[in-house]
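Engineer: Let's see this in three dimensions:
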Amino acid sequence: MPSRDEHLAKAKHNEQAASALSPEYRDWSVAIFYAGLHYIEMHLAVEGFHPTSHDKRDPIVAKHHLLQNIWYSYKNLNTLSRNARYYSVAILEKDVNNAKTWLDNIKSYLTKIGHKLD
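Structural biologist: Take a look at the predicted model:
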């Protein structure tokens with residue numbers, strides 16, 4: 001199972017990939033979701049949790065005594081990602097901006113509870 005540092009590196013990689021995309025590839029900005037997912041997985045790894053699917057991870061995040069505070073941002077990123085990947089929903093600039101805000105919320109909260117993301 002990936003370690004805290006491996007999840008952190010993957011989160012940063014996905015975040016960089018999403019920011020490198022030109023506006024014509026907004027639908028691929030869903031990589032922001034995977035950045036958020038790996039930031040959350042980083043926290044879970046520290047606690048010894050290694051969920052192997054969204055179906056296993058989502059209830060943990062939703063009910064976790066700390067992570068429930070960022071459930072809304074995580075769930076919105078997940079929904080945006082699924083809409084783009086599975087339902088061909090057009091991703092607008094406002095969607096990308098919302099996704100960035102949700103990711104910032106996740107990162108800010110994880111920093112607030114003691115994680116170093118540098």
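
Engineer: and the residue nearest to Asn78 when sequence neighbours are not counted, what is it in contact with?
Structural biologist: Excluding the flanking residues, the one nearest Asn78 by Cβ to Cβ, 6 or more residues apart in numbering is Phe33, at 5.9 Å. For every residue, glycine as well, the C-beta is placed using N, CA and C. Applying Cβ atoms under 8 Å, 6 or more residues apart in numbering to Phe33 gives the contacts 77-78, 80-81, 99.

Engineer: Then Ile60?
Structural biologist: The contact partners of Ile60, by Cβ under 8 Å, 6+ apart, come to 44, 49, 51, 67.

Engineer: For the last one, the count of nearby residues, please.
Structural biologist: Okay, so that is Leu67. Leu67 has 21 neighbours, counted by other Cβ atoms under 10 Å.

Engineer: Need the per-residue pLDDT for the residue nearest in space to the middle of the chain.
Structural biologist: Nearest to the mean C-alpha position of the chain, counting by Cα atoms, centre = their mean, stands Gly36 at 1.4 Å. What the model reports for Gly36 is a pLDDT of 98.

Engineer: how close does it sit to Asp58?
Structural biologist: For Gly36, the distance to Asp58 equals 13 Å [Cβ to Cβ, to the nearest Å].

Engineer: Run through the helices of this protein in chain order.
Structural biologist: For the chain, the helices defined by DSSP state H occupy 4-19, 31-46, 54-63, 71-86, 93-112.
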